[in-house]
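K.L.:
Make a model of this:
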Amino acid sequence: MPYPRLSSPYQLRHKTVRNRITFGAHTANMAQDGLPGPQFGAYLLERALGGAGMIVCEPVPVHRTGVLTRGNFRHEDDSVIPAFRRIVEPVQDAGAVILQQLYHVGAHGDSDLSFAPHWSPSGQPSYHDSDGSHAMTEAEIEDIIAAFIAAARRCQQAGFDGVEIWAAYHSLLDQFWTPWSNRRDDQWGGSLENRTRLSMRILEGIRRACGEDFIVGLSVSQSHSTEVLNSPEALCDIVARHDATGHLDYVTCGAGGYLDFEHLMPTFVLGEKPTVSTTALLKSTLTHAKVQAEAGIRTPENAESVLSAGEADMVSIVRGQIADPHLARKALDGHAQDIRGCISCNQMCWGRRSRDYWISCLINPSAGREYLWGGDRFTQADTPHHVLVVGAGPAGLEAARVAAERGHRVEIHEAAPLIGGQFRLAGQQPRRAQILDLLDWYERQFTRLGVTLHLNSYLEAEEIRTIAADRVVLATGSLPDEDATQRWLPDLGPLPGRERGHVFAPEEVMRREARLGSRVLVLDEGGNMRGLGTAWHLAEEGHEVTLITPGPMVGAELARTSADIPIRARLARLGVLMLTEHGLTRWHDQGARLKNLLTGVEFEQPADDLVIATTNRAFDPISGEIADLSPVILGDAQAPRQAPYAFYEGRACGLAL
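P.N.:
Take a look at the predicted model:
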């Protein structure tokens, strides 16, 4: 076997799990009126069909004070039982063990959604919003214990194989465990025995209520960012108390939490496998429960290395299986080279969830649309066509791949010497080489599918007519705005002084077409990686960089992904001067004239060169000349946007041809 440890089955109570790959709990936010429906069912089933050994279903709040998202499932309501049964049975029939996570967020609730006070051990502030919390009475603690047990019984009645008790990320149970947040002087606070009384009562109550043939797991997390949270050693002592009961079957360890959010779902900025030092410590401490590592485990290679080193018994790969729902099957069948690797961007998974939408994936737009599109299991076209795709950026690549998967004969022409367009340039920014891996994957898929790739091939309208394809797809992308107009200075129009030169787009910088002086000014209007990644690249090369943005914070667009915090820290350590709520009113020989958008005050900022990351313009030089061919126009050629929408349109086009 290519991954002998990853492929080995193991026993959890009454269930044999077929391999060590878990599709771990996460909020997909797909509930419809608080119930799971076809969208969520198809989302989970696709990962079961894809070979995952165990699936832990999205958490259900156990109590009215624990509601956190618009898409949460109904709490304390038996109507979820038949709805979940319709989802659980197909997953089990596909060979996966399925559990549900049970949670209460404690102090860190969302009043906009719960319209209830946040319950906590000692009334500490919320780190989710600006609210405070309610210090629970002993009667309310008993209510929560009963609510967890009742929720577990509903799960059993719905057919789940078990439950996972959520105590990670400084949630309610973790708040009771942590002396900083548990300042009680009654039987629920003080000593370790008292601080774990709540979770121990819940564990023992679930075991009594649900019996021996029912898996019970525990979700915890580590944090190295602040001393007020439990150390790995303290966490091991806590989990060991639960393990000693014999009721606990496994513990899964993630990273970060509400106090260090950027580590919770680590993006490309951070390292991989962040929890293995703690899971290794747990393995050396526990005598009964198995140990699972999660967070930042992207690939089968990551996973196998964790198991081989004895750092865990199981691995949870969530974003990797969102990006490719058939990751487990491909890896264990010897086709790991066909896995579409997660690029750790968080844009459409956590990024959409943070805005309270249902989640998807930048590179796999079928995520969340399985009930409409299926996963990467394509229906063959009734009539195969000759399809011509012009442009090998994200939209063109995905349209070509999906059309070929459906049996069409596809050729794709790219004017540049390499595929990827602007996406490839993004992959050349610091720590973003996962994008380049994805482009390599497309080339492998083209070889497998027989797609003909033409590089250095710029097509004119007459050349397109000569090819005489049955379907023409135009994915010619976008170009930087030569006028360097700024959205937040609409009266200014084209940037005065741009004709003096030394003004470049990020694309020119990343293609190394710009010879830059020592002092570089970067204007970032988007608040995303196009500007920030270029500034980071320049600072690492030794330039003295000043980054200005009209937004109230650097990296505002990245806040939804949690990548903004570590990137700002990295820029600061590199000495980048960051100015928020500023615009640029003139470029001249000595530098730029900047304007404080709050006060209107203008001042001079010395610089040798200017990099302008403003909104691009669509590049579509052909469609008007071949309108009679009814070409399909995709991606930035329609309107410049971020990469997810190009991949989405490419997938939709390939499915429709």
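
K.L.:
for the protein, where's the lowest mean pLDDT among helices and strands?
P.N.:
helix 111-114 (a mean of 83; mean pLDDT, DSSP states H and E).

K.L.:
So Ser444: helix, strand or coil?
P.N.:
For the record, residue 444 is Arg, not Ser. Classification of Arg444 by DSSP: H, G, I helix; E, B strand; the rest coil places it in helix.

K.L.:
what's the burial count for the closest residue to it other than its chain neighbours?
P.N.:
Distance criterion C-beta to C-beta, 6 or more residues apart in numbering; nearest residue to Arg444, sequence neighbours excluded, is Gln337 at 6.0 Å. Placement of C-beta: from N, CA and C, glycine included. By the criterion of other C-beta atoms under 10 Å, Gln337 has 12 neighbours.

K.L.:
Kindly report the same for Arg487.
P.N.:
What Arg487 shows, counting by other C-beta under 10 Å, is a neighbour count of 11.

K.L.:
Could you measure from it over to Asn616?
P.N.:
Arg487 is 12 Å from Asn616, where distance means C-beta to C-beta, to the nearest Å.

K.L.:
Also Leu286?
P.N.:
Applying C-beta to C-beta, the value for Leu286 to Asn616 is 53 Å.

K.L.:
Likewise for Ala399?
P.N.:
In terms of C-beta to C-beta, Ala399 sits 20 Å off from Asn616.

K.L.:
and those two? which has more neighbours close in?
P.N.:
For Ala399 versus Asn616, neighbours defined as other C-beta under 10 Å are more numerous around Ala399 (33 against 21).

K.L.:
Work out for me the element that one sits within.
P.N.:
Following DSSP states H and E, one finds Ala399 within helix 394-405.

K.L.:
what's the answer for Glu233, then?
P.N.:
helix 232-243.

K.L.:
ditto for Val410
P.N.:
Going by DSSP H and E, Val410 is in strand 409-413.

K.L.:
Look at the closest residue to Leu418 other than its chain neighbours and say how many residues are nearby.
P.N.:
Distance criterion C-beta to C-beta, 6+ apart; nearest residue to Leu418, sequence neighbours excluded, is Arg424 at 6.1 Å. Burial of Arg424 is recorded as 20 neighbouring residues (other C-beta under 10 Å).

K.L.:
Just to check, Ala328 is in contact with Met54?
P.N.:
No: Ala328 is beyond contact range of Met54, at 10.4 Å (criterion: C-beta atoms under 8 Å).

K.L.:
Between those two, which contacts overlap?
P.N.:
Ile21 (C-beta atoms under 8 Å, 6 or more residues apart in numbering).

K.L.:
between the two, who's got more neighbours?
P.N.:
Set Ala328 next to Met54 and count neighbours by other C-beta under 10 Å: Ala328 wins out with 32 against 29.

K.L.:
so how far is Glu557 from that one?
P.N.:
Counting by C-beta to C-beta - Ala328 and Glu557 are separated by 33 Å.

K.L.:
can you check Gly106 too?
P.N.:
Distance from Gly106 to Glu557, counting by C-beta to C-beta: 30 Å.

K.L.:
more neighbours, the two?
P.N.:
Per other C-beta under 10 Å, whichever of Gly106 and Glu557 has more neighbours is Gly106, with 28 against 23.

K.L.:
For the closest residue in space to that one that isn't next to it in sequence, list the residues it contacts.
P.N.:
What sits nearest to Gly106 in space, not counting adjacent residues and going by C-beta to C-beta, 6+ apart, is Leu172, at 3.3 Å. Applying C-beta under 8 Å, 6+ apart, we find Leu172 in contact with 66, 104-107, 119-120, 144.

K.L.:
one more time with 7 Å, if that's ok
P.N.:
104-106, 120 (C-beta atoms under 7 Å, 6 or more residues apart in numbering).

K.L.:
So which of those is the closest to Asp161?
P.N.:
His104 (22.0 Å; C-beta to C-beta).

K.L.:
give me every residue that touches that closest one.
P.N.:
Contacts for His104 (C-beta under 7 Å, 6+ apart) come out as 61-63, 66, 144, 171-172.

K.L.:
switch the cut-off to 8 Å
P.N.:
61-63, 65-66, 119, 144, 147-148, 166, 171-173.

K.L.:
One more: Gln100?
P.N.:
Contacts of Gln100 (C-beta under 8 Å, 6+ apart): 56-60, 84, 155, 158, 160, 163-164.

K.L.:
Quick check: bridge partners of it?
P.N.:
Beta-bridge partners recorded for Gln100 (DSSP bridges): Cys57, Val163.

K.L.:
now it: how far from Ser130?
P.N.:
In terms of C-beta to C-beta, Gln100 sits 31 Å off from Ser130.

K.L.:
domains of this protein?
P.N.:
10-373, 386-479+619-656, 498-615 (automatic domain parsing).

K.L.:
Make CSV from the ones you listed and add distance to Tyr3 to it.
P.N.:
Formatted as CSV, these follow (distance: least, C-beta to C-beta, whole Å):
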stretch, distance to Tyr3
domain 10-373, 5
domain 386-479+619-656, 18
domain 498-615, 30
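
K.L.:
Let me know which of the ones you listed is the nearest to Thr379.
P.N.:
So among the domains of the chain, domain 386-479+619-656 is nearest, using C-beta to C-beta, at 6.8 Å.

K.L.:
Endpoint to endpoint, that closest one covers what distance?
P.N.:
In domain 386-479+619-656, first residue to last residue: 14 Å (C-alpha to C-alpha, to the nearest Å).

K.L.:
List just the one of the domains of the chain that sits closest to Gln380.
P.N.:
Nearest to Gln380, of the domains of the chain and by C-beta to C-beta, is domain 386-479+619-656 at 4.6 Å.

K.L.:
one step back: residues touching the residue nearest to Leu418, list them.
P.N.:
418, 435-436, 439.
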